[in-house]
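> Turn this into a model:
(4 chains)
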Amino acid sequence: MPLALITPNLKPLKPLMFKPKVAFYWCASCGGCEETVVDLAEDILGVVEKVDIVLWPVAMDFKYKDVEAMPDKSILATLLNGAIRSTEQEEMARLLRRKSQYMIAYGACAHLGGIPGLANQFTREHILKFNYEDGPAMANEKKTRPQLVTEENGRTPRLPALTNVVRSLDQVVEVDYYVPGCPPTPKITRAAVTALLENRLPPKGSVIAPDIALCDECPRKATKPANISFREFKRPHQALMDPQKCFLAQGVVCMGPSTLSGCEAACISGGMPCTGCFGPTSRVRDQGLKIMSSLCSNLEPKDEQGISAVLQGIPDPIGTFYRYGLARSLLRRKVNLPTD
Amino acid sequence: MSDSTNKTPDGKWTPRIVAFFCNWCTYTAADLAGVSRMKYASNIRVIRLMCSGRVDPQFVVDAFAKGADGVLIGGCHPNDCHYVEGNYKCLRRYQMLKRMIADMGIEPDRLRLEWISAAEGEKVRRVVNEMVETVKQLGPLNIPCKFEEWDKEMEALAGHVAHSQSAAGAACPDHAKPQTAQTAHV
Amino acid sequence: MSKTANPFEERITMAGVAEAAVVDRTTTLQTLLDTPAGRRMLTCIQCGTCAGTCPYGDYMEFSPRLVINMLRRGFIDEVIKSDSLLRCVACYACTAKCPRNIRLTDVLLPLVKEQVLMNNTQMPAEFQKSLENMHRYGNPMGESPRKRAAWTATAGVKVPLIAEVKCEVDVLWFVECYTSFYARGQENSRATAKLFAALGVDFAILGNDEKCAGECGQMTWESGLFESLAEYNMKLFGKYKFRRIVTGDAHAFNAFRFRYPMYGLTQPVEHTTQFFARHLEQLKPKLKKPLNLVVTYHDPCCLGRAVGAYEEPRALLQAIPGVKLVEMVHNRVNSVCCGGGGGGMWLDTYYKQKGMDRLSERRVKEAIAVGADVLAVACPYEVSRFEDALKVVPHDKPMVVRDVVELLAESIG
Amino acid sequence: METRKNEPVRIGFYVCHCGVNIAHMVDVEAVAKYVATLPNVVVSRNYKYMCSDPGQEMIQTDIREQRLNRVVVAACSPLLHEHTFRGATEAGGLNPFYFQMVNIREHDSWVHTDRLEATRKAMALARAAIQRVPHHKPLEVKKVPINPDVLIVGAGIAGIHAAITMANAGKKVCLVEKEPSIGGHMAMFDKTFPTLDCAMCVLSPKMATVGSHPNITLWTYSEVVKVDGYVGNFKVTVRRKPRYIIEDLCTGCQECVANCVYKEPKFPDAFNLGLGKRKPVYMPFAQAIPSIAIIDPEVCLNFKRGKNPDGSYTVSDKCKKLCVVACGDRKAIDFTQKAVDKEITVGTIIMATGFKTFDPHRTPYYGYGVYPNVYTALELERVINASGPTEGHLVMRNGKEPKRVAIVHCVGSRDENTNRWCSRVCCLYSLKLAHLILEHTDAEVYNFYIDMRTPGKSMEEFYNRVAEEGMHLVRGRVADVYPDPNDTASGRLIVQAEDTLTNRILKIPVDMVVLSVGLEPRPEAEDLRRLFNLSCSSEGWFLERHPKLAPVSTFTDGIFLAGCCQGPKDIPDSVAQAGAAAAEAFSLIDKGYVEQEPNTAFVLAEECSGCKSCIPLCPYTAISFNEETKKAVINEALCKGCGTCVAACPSGSIVQNLFEDQEIFSEIDGVLAPLPQ
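The predicted structure is shown next:
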């Protein structure tokens, strides 16, 4: 489905009288999303020309108080990437929400919780302990940990606290649009920004990607047999892969069938199966469960032992099926973990 | 969600079990149990599907997420599926689903798959009673409350933010609320 | 030996655990009809199979069928005023054939009999003496408890005492009274010890501390006596670690299987014949000495009808070289009781007074009719009963009574 | 979501008392009151009998007057009355699929004991339906033409009667029988109660009709091996086993039998239950239909000598083939015959596979198989029968006429250790046998019974009549049968039982014991059940759709039950049921089409990514991949509506009508929503 088709009924908004203000912000993310904005290459200049960037910590120097000083709704759109997992991120999300007409979850982490969302399998204490004490590369004999408040030279610097739960942006503030991907491709980003600037916005809550699974645009689509039946599951490093053939046909888990398209099958073209970063279609509530249902239905064995043997080929179902989507899954977090 | 725990009017917790029964075998068996006036625990809420193959893992997890303490799936015996082999597909998903819910911190015994033929009203009675007993032993799961508990940290911060940002202008109540509903896509 | 290949593997069940739910130890005649077992009695169709199959049905004023109906109608007082039920030898015939699966032998009749005892001050002396002995000495014959383990000196193999073993044993062998004190019973014990040793079984006995399991106390009249013996033995069991109980006494086996779980027994229980049948593949190569005998086997009630272990003892006998197994007219579920159960062991004089024939005589006649050299048994009561009966029933061909384990031990040489 | 786009959802909710069946355990008023508070509910009522005319009219009136566009009824199981209420919804002017049913009887009031809890459960289930029904869509019932031909499996009296009924009405019938001849158990009986007419005299004209009816294709010595398709269009494969006689060429002259190398019959004759003998080539019995001989390859010399070491067979030249010589130009004998599979297409199926008599080896204390003078009742039928092995002389295996006979009732009936049910016919056939014994001999006859059960027209009168003939009726179940210890030579037996009416133990010496064996499901019933996709009761009888309201229907549409395969019954009832099954089949056939529940699945064409995950999942190959659009397509005609593909579609792009994801999620939400305290 071409991108143009996803925004058929455009409601004309009031005309833009001034150069619109745009903010970029990053929360719990790797920085890859920021790269994408830069990757717009020449196009970025066009964007910069058309808009007034009021906040972009990675590239420009603005302060919290500058934003705070703006009138509410004075920013046209905030493109926020990263999951929300600290008090600072949450506070900024709320502030930017208040100041912006449109809040756009940019990238898989803001959209779904992303890779940071996998932390929802552990307690905050567990994570801190691993990172500051038990981690294999850790040399911290005193077991020093960052303190929320410290006394130093008469000053008391404060650090933001990690939250117990990693959240997608829409679990914290209302989100108007989602730009999916880890990271969003330049094409998707361009489409989103263009739609925004040209005032051709789809209905609120839309994910800016075709609402159809990736197989639709996968270059290996034709090589998938119509009688797939899984005798075993392999991981990509465990076998010599046929570079032309559908991954599932080779017994490798590929999330493509349950993941939105729009990335032009970038990973598959790069020789790796889809891991699901664009998230589920609008008809699916839980991406991980859906792909699991699909794959398991097509196992070959019918007896418990045989089934269990094949499923051993997926040693970490949570990490496999919820690589990006755990925080936005039906259960969100390992349910028996305490909060403190 | 005001009170998501399932309490009887006298304040005692009693489990809620959601059951997905296939139309041809297990649902009919439950009808038979009724016609035979067998007595069993009232904690079960049956949702009828045509086949155990229709049981989407999303249904099971959604039931847990909405407050079920246990989920029971009933289908036709192997080789007896009205739709030839929907029950095998159910079994395959069930095995992985058991692992996944365990990984997500739900005791696997809260999910049970049983083959119950149309003639086995007695088995419905036994399985339901056993299931209720098992879940009683495990205690309340109560995921909706956990969601509330998790989100307390946000409420706390929301209060703090509202306080510290109040100087900068009137807070917009609409935007302070996080979305809980699934976002609609195009 | 492969696990699945053994046809007798399934027999080792904790029958008692499931059955403990049938009734519990507090059930009385008044509360019986509210228990699951009692509700079965409401389904009785008065077909009379119980009375028809009862070996002493001819002599009963109140047949089991009638007892059920009197209970249902509220006329049970008339039954307990009569001594009719003293004739019940707890042989499980009525229970085994009942088309409604009513638990007469081990549930209804003991409760009625208990009331009979309380309503009849005149108890047969021989019987009363045995109960007293059980109470005082822990065995019905009034032998000194200190001599209980004396037989081990003549066992020929080492018989470890559990108190001296100090670690978990696989088998706690519950020897029981007749097999400890009576000369013929001790032969059974020596044979069992020999077989255990030959198989390399990790076993031990309780020695002089052991007291009668009390089955006859329970099955007949004296639930109080049974309670005290059961509690004593349970306390004793609690002191040691063992994985299963094995006993050669079918009556003790019955008590452990059905009643003791109500007192907390959790280990599985096996009769020696079940245990040896389970190890038949290991035993077979050791059975070298041919016996060249025509053997007929008498099913003990507490092993046969009570749990359906009909084939294990037969399999053992057939494994002995030279043994030709023949069946009596009444066999397996239809077997005729030796008359020793439910207190019958000590009621012979009383039965004679009432003009009743001895069941043991009825039984040996059947054995004689099939021309057996050996009447094989699997319960220590039967040895003395059938040997006594053979003294009075005329027969041309000599016949001896032997326990199955004795024959096995003999074949091992 | 709703089709009438601009119209808000208006739900009418009705909770049924079902007399007291529901109302005694569920506070129906409280349920109605609670539901009235739920969103979209416009009307919430409770009524004594919703399925009654006034109940249904109430719905229709409300639809019109309250402008309802959804209807929810909380009553019995949807399997019972969903159809009724869909009809009422439609009669009120709505699409019938705007209806949803809540089962608060079978799943609630009948199975629970705490009124408060049962009421709360009813509320939760009702709420699920209230939340579900706004998502309902208008659907249309699909009509599929029905093939007018019918398959009848089993040619005992029930199958025969059903076949003749259907064939007389002009329907093409394929009647399949496992044995070489039709007739079933009835052909083995001597006389029938209560009329005492000769069984074969009544049956053989009907058998002959079957054999010659132009509308009946009779396949004996044949078995159904495969069933595909569904109501209206079943594809059935029948295996015709080789009888080594070419049916079309055999004239039934039996010259082959007369000339067989075996001069004397030597092998046990199955029709006479082994009491008589037959040759390797034989006629099953004198009146067999079809009147065609059959060769038993197990004992025929040609087969024995022609058997190769690998089990294959070549026609032996070591055998003189006297039968072939006798057959002459008719050339009806073919030693090379092989099993042939025939495929037929039918619209409806009637199962009339009958019963098996109880094997009394399972009650060892009656001595069957141990003492030669213990017979089953069916064996006695053959002994008494004039065409039986003793030509109607009542003599025992030792050739002597019995002086005293005991008939033991309830062998393998009413017994927890064997079969729990009453076999219904044994009391009466035992009385009949007692009568026949008295007619044939001077013997004393003892009937040992538990309860004498003689319901039905003319049955008690029959009991009364034969009792007067002077048989002993003893009320007591026989406990033991054993040889008389005082007379071991004659084979005399002692029958021991309590005479419960005199409180005495009887030990009656008799010459012959007849065991009135009960009826039980055939051993192959389990395979047939799988083959035809039926259900069995826990006893193993084929399960009827409803014990009262649909006694000859099954859970598989288009398959009906007749005779003892559904449960023990006598000849009049078997015939009546066969007629009923035929009538049910007619009503389907004459309608011309079958309505199919519109619960099929469809692919959202725009949204399908063409991942092909669903294609191998469909057992009916209803899903295919369109190579042009590169998307999956479901053939609605082939889809049976299981929903497996829907659950497995990884992008949620397959939708099942009536069971849409949103509908189920709403139900889950509804059953779990907090209830008022």
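> Just read off the phi/psi values of the residue of the stretch 501-650 of chain D found nearest chain C.
Closest to chain C within the stretch 501-650 of chain D is D:Ile505: 4.6 Å, counting by Cβ to the nearest Cβ. All C-beta atoms are positioned from the backbone trio N, CA, C, and that covers glycine. Note on D:Ile505: its backbone torsions stand at phi -90, psi 120 [degrees, to the nearest 10].
> Leaving out the residues flanking it, which one is nearest to C:Ile205?
C:Trp173 (5.0 Å; Cβ to Cβ, 6 or more residues apart in numbering or on different chains).
> do the same with D:Phe85
Counting by Cβ to Cβ, 6+ apart, the residue nearest D:Phe85 is D:Val73, at 4.9 Å.
> Looks to me like the one you found is in a strand.
Yes - read with DSSP: H, G, I helix; E, B strand; the rest coil, D:Val73 is one of the residues of a strand.
> So in terms of bridging, what pairs with it?
Under DSSP bridges, the beta-bridge partners of D:Val73 are D:Tyr14, D:Met101.
> quick one: contacts for the residue nearest to C:Ile205?
C:Thr192, C:Phe196, C:Phe203, C:Ala204, C:Ile205, C:Ile245, C:Val246, C:Thr247 (Cβ atoms under 8 Å, 6 or more residues apart in numbering or on different chains).
> moving C-terminal of the lowest-mean-pLDDT helix or strand in chain D, what's the next helix or strand?
When each helix and strand of chain D is scored by mean pLDDT, DSSP states H and E, helix D:301-306 comes last, with a mean of 86. Remark: after helix D:301-306, the chain's next helix or strand is helix D:322-327, criterion DSSP states H and E.
> tell me the domain boundaries of chain C?
Annotated domains of chain C cover C:32-119, C:125-278, C:282-412 [automatic domain parsing].
> The last one near chain D at all?
Going back to what we said before, that points to domain C:282-412. Yes - if you take Cβ under 8 Å from any Cβ of the partner chain as the test, domain C:282-412 does meet chain D, through C:Val329, C:His330, C:Arg332, C:Val333, C:Asn334, C:Lys365, C:Ala369.
> are any of those residues buried, and which?
C:Val329, C:His330, C:Arg332, C:Val333, C:Asn334, C:Lys365 (16 or more other Cβ atoms under 10 Å in any protein chain shown).
> ok, the fifth one to D:Met471 distance?
Taken as Cβ to Cβ, to the nearest Å, the spacing of C:Asn334 relative to D:Met471 amounts to 27 Å.
> Could you list the low-confidence segments of the chain?
Because you didn't say which chain, this covers chain A. Within chain A, the stretches with pLDDT under 70 are A:1-18, A:41-45.
> Chain B is the one I meant
B:1-10, B:160-186.
> can we see that at 80?
Along chain B, segments meeting pLDDT under 80 span B:1-11, B:156-186.
> ok, now which ones touch the spatially most central residue of chain A?
In chain A, the residue lying closest to the centroid (Cα atoms, centre = their mean) is A:Ala108, at 1.0 Å. Each residue near A:Ala108 by Cβ under 8 Å, 6+ apart is listed here: A:Gly114, A:Ile115, A:Pro180, A:Gly181, A:Cys182, A:Pro183, A:Cys277, A:Phe278, A:Gly279, A:Tyr324.
> who's in contact with residue 31?
If you meant another chain, say so; for now it's chain A. A:Val58.
> my question was about chain C
Contacts of C:Thr31 by Cβ under 8 Å, 6+ apart are C:Gly38.
> ok, now how distant is it from C:Leu109?
Relative to C:Leu109, and taking Cβ to Cβ, C:Thr31 is found at 16 Å.
> In contact with the residue nearest to B:Ile44 when sequence neighbours are not counted, which residues?
Spatial nearest neighbour of B:Ile44, chain neighbours left out: B:Ile17 (4.6 Å); criterion: Cβ to Cβ, 6+ apart. Neighbouring residues of B:Ile17 by Cβ under 8 Å, 6+ apart: B:Asn43, B:Ile44, B:Arg45, B:Ala68, B:Asp69, B:Gly70, B:Val71, B:Leu72, B:Val128, B:Met131, B:Val132, B:Val135.
> Now tabulate the residues you listed in a markdown table and tack on neighbour count.
Below are those laid out as a markdown table (neighbours: other Cβ atoms under 10 Å in any protein chain shown):
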| residue | neighbour count |
| --- | --- |
| B:Asn43 | 23 |
| B:Ile44 | 27 |
| B:Arg45 | 24 |
| B:Ala68 | 28 |
| B:Asp69 | 29 |
| B:Gly70 | 26 |
| B:Val71 | 27 |
| B:Leu72 | 28 |
| B:Val128 | 25 |
| B:Met131 | 26 |
| B:Val132 | 22 |
| B:Val135 | 26 |
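> Filter these down to just the ones in strands.
B:Ile44, B:Arg45, B:Gly70, B:Val71, B:Leu72 (DSSP state E).
> hey, where'd the strands end up in the stretch 151-300 of chain A?
A:162-167, A:177-179, A:206-207 (DSSP state E, counting those that start in this stretch).
> Would you mind giving the domain segments of chain D?
With automatic domain parsing as the reference, chain D has domains D:11-139, D:355-519, D:597-657.
> Adding mean neighbour count and mean pLDDT, write the ones you listed out as TSV.
Output for the domains of chain D, formatted as TSV (neighbours: other Cβ atoms under 10 Å in any protein chain shown; pLDDT from 0 to 100):
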stretch	mean neighbour count	mean pLDDT
domain D:11-139	21	96
domain D:355-519	20	96
domain D:597-657	22	94
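> who wins for proximity to A:Lys63 among these?
Closest to A:Lys63 of these is domain D:597-657 (Cβ to Cβ; 44.2 Å).
> so how far is the closest one off the chain centroid?
Here domain D:597-657 is found 34 Å from its chain centre; the criterion is Cα atoms, centre = their mean, to the nearest Å.
> and if you look at stretch C:69-84?
For stretch C:69-84 - counting by Cα atoms, centre = their mean - the centre lies 27 Å from the chain centre.
> Is that stretch in proximity to chain D?
No - taking Cβ under 8 Å from any Cβ as the criterion, stretch C:69-84 and chain D are apart, separated by no less than 9.5 Å.
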